[in-house]
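Participant: need a structure here:
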Amino acid sequence: MASGTALEHFIAEEIGAPVEGIESLIGKIQSIYGDSVAAILFYGSCLRTGDFRDKVLDFYVIVDSYRAAYNRLWLAAANRSLPPNVFYTEADGEEFRLRVKYAVLSTDHFDVLASPKTFNSSVWVRFAQPCRLVYARDEAARNRMVRAVASSVVTAVRSVVGLIGEPVTAERVWCELFRESYRVELRAEGGGRPRDIFDAGRERYEAVTPLALAQLGLKADEQGRIVSGAGRVPGARTQRIAWTSRMVQGKALSVLRLLKAAFTFDGGIDYLAWKIRRHSGVEISITPWQRRHPVLAGLVLFVQLRLKGAFR
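Facilitator: Numbering: from 1, shown residues only. Here you go, the predicted structure:
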């Protein structure tokens with residue numbers, strides 16, 4: 001992008017790095033949502049490892065509007081009131097089957113959820129981490145994604161920099177952020193996960209931290225002492241209260257999203273079957289009736305899988 005902050009230039013280069021071998025997934029999503037797709041962002045553990053075989057990739061599909069994306073008004077209403085809607089699909093790759101779990105947000109909604117206007121951390125924590133813009137409809141869409149991702153980084157750093165005190169180092173900022181954000185959502189990962197995420201991208205986080213601090217009007221010396229801009233972010237007590245409040249809010253939202261997914265997670269029954277087969281080896285054949293009635297099918301599958309020994 002011709003103009004913008006140093007952070008935005010960093011993000012533009014980062015998210016513009018090519019990702020090979022997922023063209024069929026991008027084409028599949030475009031076939032579902034047509035011209036309403038403005039951008040597709042790839043994030044998460046598969047991006048970090050580069051291992052796509054027998055894995056489920058994580059995308060965010062950014063659309064012009066929910067009315068444009070859906071032919072069912074209730075899906076648009078669900079996406080607007082309790083974002084995002086989450087779906088699952090598959091496509092043939094060159095060497096193996098590709099699978100993706102993707103969330104849908106409108107461009108306007110993504111801008112807000114990736115900014116300090118949104119108290120809940122779900123979106124801005126995700127996109128403060130490395131991601132790739134694997135599809136952008138045009139330069140305007142590309143620039144908008146750059147600004148939103150850069151906003152996520154600044155919002156994330158701001159949320160903990162007052163909490164950690166000095167020294168302000170990339171390691172302390174991001175490990176604290178990941179610890180707090182894992183407390184907010186219903187997660188199964190262990191306590192060492194925040195450190196693993198930071199270590200996997202240490203050089204990136206060390207490069208992006210001073211750029212984010214500069215956006216906040218802060219500057220730290222080589223020892224991590226804030227030498228200018230002190231007082232521009234909330235203090236430790238305020239940020240601790242904020243993260244405790246996010247934990248209460250976030251867990252409630254996680255439960256509500258799980259309940260919503262029972263009705264909106266198109267393809268979820270196939271995703272469930274794949275996960276069970278991968279982890280237990282139990283084969284499941286999904287019938288057309290089960291795809292039409294995923295909630296009832298889930299109850300039936302629970303009994304069948306228990307009898308087959310898929311879980312205890």
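Participant: which residues of the stretch 151-300 of the chain fall in helices?
Facilitator: 170-184, 193-200, 202-215, 236-264, 268-280, 288-292, 294-308 (DSSP state H, counting those that start in this stretch).
Participant: Report the inter-axis angle for the first one versus helix 193-200.
Facilitator: Relative orientation of helix 170-184 with respect to helix 193-200: 140 degrees, computed using axes from the mean of the first three to the mean of the last three Cα atoms, to 10 degrees.
Participant: buried residues in helix 170-184?
Facilitator: Using 16 or more other Cβ atoms under 10 Å as the test for burial, helix 170-184 gives 170-178, 180-182, 184. Every residue, glycine included, has its C-beta placed from N, CA and C.
Participant: Now find how far off-centre it is within its chain.
Facilitator: Taking the mean of its C-alpha atoms, helix 170-184 sits 15 Å from the chain's own mean (Cα atoms, centre = their mean, to the nearest Å).
Participant: what's the answer for the third one, then?
Facilitator: Mean-position distance between helix 202-215 and its chain equals 20 Å (Cα atoms, centre = their mean).
Participant: Which elements pack onto it?
Facilitator: helix 6-15, helix 139-164, helix 170-184, strand 219-220 (3 or more Cβ pairs under 8 Å, 6 or more residues apart in numbering; DSSP states H and E).
Participant: same question, the fourth one
Facilitator: Taking 3+ Cβ pairs under 8 Å, 6+ apart as contact, the helices and strands that helix 236-264 lies on are helix 73-81, strand 85-92, helix 139-164, helix 170-184, helix 294-308.
Participant: Give me the contact list for the fourth one.
Facilitator: With Cβ atoms under 8 Å, 6 or more residues apart in numbering as the test, helix 170-184 has contacts from 120-122, 125, 128, 156-157, 159-161, 163-164, 189, 193-195, 197-198, 202, 205-206, 208-209, 224, 243, 246-247, 249-251.
Participant: ok, residue 150 touching residue 9?
Facilitator: No. Here residue 150 lies out of contact with residue 9, judged by Cβ atoms under 8 Å, at a distance of 9.2 Å.
Participant: Output the below-cut-off pLDDT ranges for the stretch 1-150 of the chain.
Facilitator: Along the stretch 1-150 of the chain, the parts satisfying pLDDT under 70 run over 1-3.
Participant: circling back: between residue 150 and residue 9, who's got more neighbours?
Facilitator: residue 150 (27 against 16; other Cβ atoms under 10 Å).
Participant: show me what contacts the residue lying closest to residue 201 once chain neighbours are set aside?
Facilitator: Using Cβ to Cβ, 6 or more residues apart in numbering and skipping residues adjacent in sequence, the residue nearest residue 201 is residue 130, 5.8 Å away. Residue 130 is in contact with 14, 43, 47-48, 201, 204, counting by Cβ under 8 Å, 6+ apart.
Participant: now the residues you listed as TSV including distance to residue 57?
Facilitator: Shown next, in TSV, are the contacts of residue 130 (distance: Cβ to Cβ, whole Å):
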residue	distance to residue 57
14	18
43	9
47	8
48	12
201	18
204	20
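Participant: closest to residue 261 among those residues?
Facilitator: The closest of the contacts of residue 130 to residue 261 turns out to be residue 43 (Cβ to Cβ; 18.9 Å).
Participant: separation between the closest residue to that closest one other than its chain neighbours and residue 16?
Facilitator: Spatially, and ignoring its direct neighbours in sequence, residue 43 is nearest to residue 131 (4.0 Å; Cβ to Cβ, 6+ apart). Note on residue 131: its distance to residue 16, by Cβ to Cβ, to the nearest Å, is 11 Å.
Participant: again with residue 30
Facilitator: Residue 30 is 19 Å from residue 16, by Cβ to Cβ.
Participant: just residue 85 next, same as before
Facilitator: Counting by Cβ to Cβ - residue 85 and residue 16 are separated by 27 Å.
Participant: higher neighbour count, those two?
Facilitator: Between residue 85 and residue 16, counted using other Cβ under 10 Å, the more crowded position is residue 85 (24 against 14).
Participant: For the more buried one, which non-adjacent residue is closest in space?
Facilitator: Residue 85 sits nearest to residue 79 (Cβ to Cβ, 6+ apart), 4.4 Å away.
Participant: tell me the contacts of the one you found?
Facilitator: 66, 69-70, 85, 104-106.
Participant: Please narrow those to those residing in strands.
Facilitator: 85, 104-106 (DSSP state E).
Participant: domains in this structure, as residue ranges please.
Facilitator: 6-264, 267-312 (automatic domain parsing).
Participant: picking up where we left off before, quick check on the contacts of helix 170-184: which are buried?
Facilitator: The buried subset of the contacts of helix 170-184 (16+ other Cβ under 10 Å) comprises 120-122, 125, 128, 156-157, 159-161, 163-164, 194, 197-198, 205, 208-209, 224, 243, 246-247, 250.
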